[in-house]
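> Quick one, fold the following:
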Amino acid sequence: MMTILVTFLLMVFSSSGQLLQAQKGLDLPLADSRDTLQQAPVIIVTKSEITYQGQLVATVDSVLRDDSPTFKIDALFERLDAASKKIKEDVGFGKLPKDLAKSCQDLKDGKRQEKGHICPDGLAILQADEGTDIRLINKIVNTAKAAGFDNLLFAVKNK
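Alright, predicted model coming up:
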């Protein structure tokens, strides 16, 4: 009985992938899903700043004050575009683990990807405070799409 209990606890609490940690001062919305997130470029939006992979890209105020006709954030676009090109290169040259390479091939063939194995091509993660202005979210989504990240995952808290 004790062996079964220990085995169960080890399986439940072991981490098969890297878990993202929420930025300090960031209140994420709740979700039912407990799947771990794939390693992908991470955009974090707090109440005052936008960061990409932990580096400051812009302040929230400066992006919301920008009334230019383009609906993207130039500094974020440059970084996402470079990341997109590198990921596409890794996918094209077979520099991915076999399970992710298979997911990319399945995606290319129009097949459904296996649960937990998402092709990193076009995949980015957005962590945003639940009180974030929708105009800001819209600009970030448009920026990511323009850079080649069509699959934008929104990080949320588990219930």
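
> alpha carbons only for contacts and neighbour counts from here, please
Fine.

> Low-confidence stretches in the protein?
Low-confidence segments of the chain, defined by pLDDT under 70: 11-23, 28-39, 113, 115-117, 156-159.

> what is the spatially most central residue of it paired to in the beta sheet?
By CA atoms, centre = their mean, the mean C-alpha position of the chain lies nearest to Ile125, the distance being 1.2 Å. On the basis of DSSP bridges, Ile125 takes part in beta bridges with Val42, Leu153.

> gap between it and Leu9?
29 Å (CA to CA, to the nearest Å).

> Confirm that Leu56 sits in a helix.
No - going by DSSP: H, G, I helix; E, B strand; the rest coil, the assignment for Leu56 is strand, not a helix.

> What segments of the chain are helices?
2-13, 60-65, 74-92, 98-108, 134-146 (DSSP state H).

> Check which helices and strands the second one sits against.
Using 3 or more CA pairs under 8 Å, 6 or more residues apart in numbering; DSSP states H and E as the contact test, the elements touching helix 60-65 are helix 134-146.
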